[in-house]
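>>> Structure, please.
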Amino acid sequence: MSSKKNVGEKIKQIRELKNISIEDLAMRSNLDVVQITQIEENKVVPSLAPLIKIARSLGVRLGTFLDDSEQLGPVVTLAGEQQKGASFSNKNLKARSHMDFFALASDKAGRHMEPFIVEIKPGDVNDYMLSSHEGEEFIYVLEGCIEINYGKDVYVLTQGDTIYYDSIVNHNVHAGSNCTAKILAVVYAPF
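Residues are numbered from 1 along each chain as shown. The predicted model follows:
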């Protein structure tokens, strides 16, 4: 059995080390106390947006929740050795996990970007919600087809296509063509 902590346990540990109550964290991050409690207890699969708000409110990088160890030099991840870092859903607390994130640089200390391989499972068209957060995102489609709602526009990308966007604009990334897709995603969230 792995001794690695999940995202919720890491959030709780950092919050308690900084002597911040759940209520204070909720106020600082503009999130609901129930939502933070459910994330900490691993009862819900959080979306990226609240994790970024929590990281900011705790004064840590988003990657802190996914880190295992920290190396100052370069980090190499060989093909097939990506470790599953986290699963995320949309903002709906009852939503199923539809994105599995495989961290590519969780050992890199002081990083400003978060690179992931993401497997996106298909879902109902009404199963997703738009979200926004500070920062930028770059996506390269490795397999399948994805749809990205970005503001009022919809972009359909297939294998080999890329998109780079400001994540402050309401957006959602989901599988297209009712098939699982795989992407390389690089997320930058300013500290």
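>>> Outline the domain layout of this protein.
Per automatic domain parsing, the structural domains of the chain span 7-65, 83-188.
>>> Considering those domains, which stretch scores lowest in mean pLDDT?
In terms of mean pLDDT, the lowest-scoring of these is domain 83-188 (a mean of 81).
>>> how distant is it from the center of its chain?
8 Å (C-alpha atoms, centre = their mean, to the nearest Å).
>>> how close does the residue nearest the centre of the chain sit to residue 187?
With distances taken as C-alpha atoms, centre = their mean, the residue of the chain nearest its centroid is residue 48 (3.7 Å). Distance of residue 48 to residue 187, computed by C-beta to C-beta, to the nearest Å: 7 Å. Where C-beta positions appear, they are placed from N, C-alpha and C, glycine not excepted.
>>> How about residue 143?
Counting by C-beta to C-beta - residue 143 and residue 187 are separated by 19 Å.
>>> The protein: helices as residue ranges?
Using DSSP state H, the helices of the chain run over residues 7-17, 22-29, 33-40, 48-58.
>>> So which of the ones you listed is nearest residue 78?
With C-beta to C-beta, the closest approach to residue 78 among these belongs to helix 7-17: 24.3 Å.
>>> Show me what that closest one is in contact with.
With contacts defined as C-beta atoms under 8 Å, 6 or more residues apart in numbering, helix 7-17 is touched by 5, 22, 25, 36, 39-42, 46, 51, 54, 58, 60, 64-66, 86.
>>> same thing with stretch 184-191?
48, 52, 55-56, 61-62, 101, 112-118, 133-140, 142, 167, 173.
>>> Buried only: go through these for me.
Buried by 16 or more other C-beta atoms under 10 Å: 48, 52, 55-56, 61-62, 101, 113-118, 133, 135, 137-139, 167, 173, out of these.
>>> Show me what the nearest residue to residue 63 once chain neighbours are set aside is bridged to.
Leaving out its chain neighbours, the residue that sits closest to residue 63 by C-beta to C-beta, 6 or more residues apart in numbering is residue 114, at 5.4 Å. Bridge pairing for residue 114 (DSSP bridges) gives the partners residue 187.
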